[in-house]
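> My questions concern the predicted model and sequence given below.
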Amino acid sequence: MAFFFSSPFDALVEFQRSLDAFRDSSWLEDSFSGGGAFPPLNVFSKDDDIVIVTEAPGVRKADLRVEVKDNTVRIAGKKEPEYGGSDRVSLHRRERPFGSFDRTVSLPVEVDPDRVKAELHDGILALYLPRAERSKPKTINIA
Amino acid sequence: MTQSQSLEVREKKEVEKSKGEKTAPARYFVPLTDIFESDDAITVVMEMPGVEKKALEINVENDIVRVEGHIDFSKYEGLNPLYSEYNVGHFARAFSLSSKIDAQRINATLEEGVLTLKLNKVEQHRPRRIPIG
């Protein structure tokens, strides 16, 4: 699906609308273990490859673990609060979620675990999952 | 007192339009915020994943601190959505400062998508130990 935008403002709204349209689509065969659906995932396709983007603000790289096997992806880790180092702190408002998370999802396509790249920037974790060679669609020539 | 809890995903809340509509049509969301108070400051911690330092604006006016963080949507170019669990947008939130806060001494740091605003208290509002003569 290609998006053509007439102005830069439209681009943002169209992108947000398209995300709404794919909200909980049945594309992902979800199978989570360890309780809960954190972190929330957005899955995109880039040509044949899959890109998973998730928001994990405040999670340190050392506290995050990503595993890929065949067509399953596992994202696990923990998020810990930091209340400044002083002894006497009184909490007025607590909206941020904290705790451990462990989420496994099954993709309906096979990816190549050796070529998977993961990046963590500004609290956004992006996983680039290239399609496994043997599962790529083969173009058939029509004689 | 602490119990191990599984993290829950909450839907992002959109900024209420009654507080003044934006001129650009993209959606703004309310960043999740923790507020805690220590002896010398009130610290406000806001989650704004995807916001870079250069896209963050913090303004203080009339005892109101306004935070606005913008997302770089160009990173999503060429990506076609297949499945979505959360929406992506800019962040905005404002808090009013009590007279305890020294508006001239506010520190801000942005790390891993988390903004920490340290609102230092005015000297005379810090707890003081009274010596007994």
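Alright, I've got the coordinates. Numbering: from 1, shown residues only, chains lettered A, B, ... in the order given.

> which regions of the chain sit below the pLDDT cut-off?
Chain wasn't specified; assuming chain A. A:1-9, A:29-36, A:84-87 (pLDDT under 70).

> The chain in question should be chain B.
Within chain B, the ranges that satisfy pLDDT under 70 run B:1-8, B:17-25.

> of all of it, which residue lies closest to chain A?
B:Gly113 (2.1 Å; CB to the nearest CB). Where C-beta positions appear, they are placed from N, C-alpha and C, glycine not excepted.

> Helices of chain A, start to end?
Using DSSP state H, the helices of chain A run over A:8-21.

> and what of chain B?
Taking DSSP H as the criterion, chain B carries no helices.

> Show me where it has its strands.
Applying DSSP state E to chain B gives strands spanning B:28-29, B:33-37, B:41-47, B:51-61, B:64-71, B:80-84, B:90-96, B:101-111, B:114-121.

> right, and B:Lys118 touches B:Ser38 too?
No. B:Lys118 lies out of contact with B:Ser38 (CB atoms under 8 Å); the separation is 9.4 Å.

> For chain B, what's the nearest residue on chain A?
Residue of chain A nearest chain B, by CB to the nearest CB: A:Gly123 (2.1 Å).

> How many residues are close by that residue?
22 (other CB atoms under 10 Å in any protein chain shown).

> isn't it right next to A:Ala56, touching?
Yes. Under the criterion of CB under 8 Å, A:Gly123 makes contact with A:Ala56 at 6.1 Å.

> Please enumerate the shared neighbours of these two.
B:Pro49 (CB atoms under 8 Å, 6 or more residues apart in numbering or on different chains).

> picking up where we left off before, list the contacts of the residue nearest to the residue of chain A closest to chain B when sequence neighbours are not counted.
Distance criterion CB to CB, 6 or more residues apart in numbering or on different chains; nearest residue to A:Gly123, sequence neighbours excluded, is B:Gly113 at 2.1 Å. B:Gly113 is in contact with A:55, A:57-58, A:122-124, B:47-51, counting by CB under 8 Å, 6+ apart.

> now, which of those sits nearest B:Ser84?
Nearest to B:Ser84 among those, counting by CB to CB, is A:Glu55 at 12.1 Å.

> what's around the closest residue in space to the closest one that isn't next to it in sequence, how many residues?
Take A:Glu55 and drop its neighbours on the chain: the residue closest to it by CB to CB, 6+ apart is B:Pro49, 4.1 Å away. By other CB under 10 Å, the residues close to B:Pro49 number 26.

> A:Ala56 is in contact with B:Pro49, correct?
Yes. Using CB under 8 Å, B:Pro49 is in contact with A:Ala56, at 7.2 Å.

> intersection of neighbour lists for these two?
Listed contacts common to B:Pro49 and A:Ala56 are A:123-124; contacts here mean CB under 8 Å, 6+ apart.

> re earlier: can you say which of the strands of chain B is packed in most?
Sort the strands of chain B by mean neighbour count, taking mean count of other CB atoms under 10 Å in any protein chain shown, and strand B:41-47 sits at the top with a mean of 23.

> which strands and helices sit next to that strand?
With contacts taken as 3 or more CB pairs under 8 Å, 6 or more residues apart in numbering or on different chains; DSSP states H and E, strand B:41-47 sits against strand B:33-37, strand B:90-96, strand B:114-121.

> closest one to B:His70 among these?
Taking those one by one with CB to CB, strand B:90-96 is closest: 4.9 Å.

> Does anything pack onto the closest one? Which helices or strands?
strand B:28-29, strand B:41-47, strand B:64-71.

> who's in contact with it?
B:15, B:19, B:26-31, B:33, B:44, B:46, B:48, B:51, B:63-71.

> now with 6 Å?
Applying CB atoms under 6 Å, 6 or more residues apart in numbering or on different chains, the external contacts of strand B:90-96 come out as B:15, B:28-31, B:48, B:63-71.

> again with stretch A:65-77
A:59, A:63-64, A:102-107, A:110, A:113, A:116, A:118.

> Great, nothing more from me.
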